[in-house]
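In: coordinates for the following, if possible.
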Amino acid sequence: MSSPFQLAACAEMIWRDRPIEWRASRLNELGFGVGLWNWPEHDLGKLEATGATFTIMNGYLTGRLTDDEGAAELLKTARETAKVGKRLGVQRLNLHGTGLGEGGLPVQPIEVVTGDMWLKARDTLARIVDMAEEEGVVFTLENLNLQVDHPGVPFGRAEDTLALVSSIDHPRLRLNLDLYHAQIGEGNLIELCRRSLPWIGEIQVADVPGRMEPGTGEVNWKGIARALKAMGYAGPVGMEAFASGDPEAALEAFREAFTV
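Out: Reported below is the predicted structural model:
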């Protein structure tokens, strides 16, 4: 039996003592797509040479959705990143409500998101879509948990990212629905997937607590995989998780959880 989903894993989080191109090659050999974070940290030529399928990468370097200055910076670095994404064949370019710094903390935390910020965020994403059309790429907007990993990120909740993406409703802008973050912040994962289904570009997973591979925490991943298959979802599922022990054993646990 094979997985009905396109399985991938974040190369930044496993085999952390190995060069990134080695990790990408090994994931490719094992039949997984490859997720990346920020491209300036890597040798693009070496990544190209791996022959890996790059499923997702951060789609900007700096900027934010919520104000004119931040939006201009986001658009600028997103366009630059789109060109890099095309070079590597990256399938989706990922966005957040604001740029993330050391430890995943927001560069400019926002405790209260105002109505004007919502309107500006939607306008910024509409401009991202226009640019994505010009460049021929797809962006995703990712939900993040505020309680543990990313306090102060605006539009962090899956409800917020769903509201923004569905209001624009364009194939060049999809959801990166991260179920690790959603489990911490909101729960009710299967129903969240069902409501989000028309706009999902990728689903990301890690178990809770601990942010490690499926089977190390409280989430019933096999049940979620069955529900996704029953809904008709056949897109990418990416493990954005640390390995609790041997990385290849962690990857096989992930593959088994999403083979239904």
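In: quick one: stretch 125-132 to chain centroid distance?
Out: Remark: stretch 125-132 is offset 18 Å from the chain centroid, using C-alpha atoms, centre = their mean, to the nearest Å.
In: cool, and stretch 252-260?
Out: With C-alpha atoms, centre = their mean, you get 19 Å for stretch 252-260.
In: list the contacts of that stretch.
Out: 1-5, 7, 9, 32, 205, 213-215, 221-222, 225-226, 229, 237, 239, 241 (C-beta atoms under 8 Å, 6 or more residues apart in numbering). Bear in mind the C-beta positions are built from the backbone N, C-alpha and C, glycine included.
In: mind listing which of the residues you listed are in strands?
Out: Using DSSP state E, 7, 9, 205, 237, 239 are the members of these that sit in strands.
In: please enumerate the helices of the stretch 51-200 of the chain.
Out: Using DSSP state H, counting those that start in this stretch, the helices assigned to the stretch 51-200 of the chain run over residues 68-88, 115-135, 158-168, 179-185, 189-196.
In: show me what counts as buried in the second one.
Out: Residues 117-118, 120-122, 124-125, 128-129, 131-132, 135 are the ones in helix 115-135 that count as buried (16 or more other C-beta atoms under 10 Å).
In: distance to Glu80 and pLDDT for the residues you listed - can I get that in JSON lines?
Out: Listed next are the buried residues of helix 115-135 as JSON lines, based on distance: C-beta to C-beta, whole Å; pLDDT from 0 to 100:
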{"residue": "Met117", "distance to Glu80": "25", "pLDDT": "97"}
{"residue": "Trp118", "distance to Glu80": "26", "pLDDT": "98"}
{"residue": "Lys120", "distance to Glu80": "22", "pLDDT": "98"}
{"residue": "Ala121", "distance to Glu80": "21", "pLDDT": "98"}
{"residue": "Arg122", "distance to Glu80": "23", "pLDDT": "98"}
{"residue": "Thr124", "distance to Glu80": "16", "pLDDT": "98"}
{"residue": "Leu125", "distance to Glu80": "18", "pLDDT": "98"}
{"residue": "Ile128", "distance to Glu80": "13", "pLDDT": "98"}
{"residue": "Val129", "distance to Glu80": "17", "pLDDT": "98"}
{"residue": "Met131", "distance to Glu80": "11", "pLDDT": "98"}
{"residue": "Ala132", "distance to Glu80": "13", "pLDDT": "98"}
{"residue": "Glu135", "distance to Glu80": "10", "pLDDT": "98"}
